[in-house]
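In: okay, predicted coordinates and the sequence, questions at the end:
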Amino acid sequence: MPFWNRNLDLIILTHPHLDHLNGLVEVLQRYEVKQILAPDLKSASPAYQEWLNLIQNKNIAYLPALAGQQIVLGGGAGINILDSASTPMSDRQSDIENSGIVARLSLNKISFLFTADISQEAEAKLINRRADLASTVLKIAHHGALTSTSPDFLAVVKPQIAAISAGQDNSFGHPTREVLARLKDTIIYRTDTSGTIEFTTDGQQLWVKTEK
Ligand SMILES: [Zn+2]
């Protein structure tokens, strides 16, 4: 986006954990956001309260995410919500993560699968349900954690490109060596080494630009 453009049509909060929420609170402060898609998950954090306050004060349209939802973006592009559990099993960290929004963005021959922080149980659920998972680009789940991106899931998604969001020299060891090994036949882009990764597509070709 050019720096002078302060408008966003849609932002998606996959789940209300701070590493996904904090940046979006700042987005709400700085941008005019038309619509928000978020799962029915609550959080007791001050950042989540700030998020709710901003949505209310700025009167932003709030759409609860549901599996099966389709969002038409125009120009032939669309987003399919493949998963978003409305009732997580418990407040446990992993149950919240497995309830996050999984979305597939597609335009003609090019598609992107966004897997939030789900782990292999949620991946298995998607495979069993025969969700439309095959995608050109896979945003690797949970920053490259060992418990996600199972070989079975990769065999169904068959990504040509993997994008991994992870902090530089993070203390979790993300992305893990094991996940990187499972992606040996895939082109990998990582935010910890390349900074912001920008994908552009016309539905036929895909262009990738990295910050560094
Ligand atoms: Zn995360």
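Out: Yep, it's here.

In: which secondary structure elements does the host helix or strand of residue 126 contact?
Out: Residue 126 belongs to helix 120-128 when assigned by DSSP states H and E. Applying 3 or more C-beta pairs under 8 Å, 6 or more residues apart in numbering; DSSP states H and E, one finds that helix 120-128 contacts strand 77-83, helix 151-157. C-beta here means a position set from N, CA and C on the backbone, and glycine is covered the same way.

In: and residue 9, that one's in a helix?
Out: No: counting by DSSP: H, G, I helix; E, B strand; the rest coil, residue 9 is not part of a helix but strand.

In: I figured it was touching residue 34, is that so?
Out: Yes: the criterion here is C-beta atoms under 8 Å, and residue 9 meets it with residue 34 at 5.1 Å.

In: coming back round to it: quick one: average pLDDT of the helix holding residue 126?
Out: Regarding helix 120-128, the rounded mean pLDDT is 94.

In: same check on stretch 41-56?
Out: The model assigns stretch 41-56 a mean pLDDT of 94.

In: burial count for the residue nearest to residue 156 when sequence neighbours are not counted?
Out: What sits nearest to residue 156 in space, not counting adjacent residues and going by C-beta to C-beta, 6 or more residues apart in numbering, is residue 133, at 5.0 Å. For residue 133, the count of nearby residues is 23 (other C-beta atoms under 10 Å).

In: tell me if the least confident helix or strand in the chain by mean pLDDT is near the ion.
Out: Lowest by mean pLDDT, DSSP states H and E among the helices and strands of the chain is helix 93-97, with a mean of 84. No: using C-beta under 5 Å from the ion, helix 93-97 stays clear of the ion, coming no nearer than 7.4 Å.

In: what's the first helix or strand after that helix?
Out: Using DSSP H and E, the first helix or strand after helix 93-97 is strand 102-107.

In: if we can go back for a sec, show me the one of the helices and strands packed on helix 120-128 that comes nearest the ion.
Out: The ion sits nearest to strand 77-83 of all those, at 16.0 Å, using C-beta to the ion.
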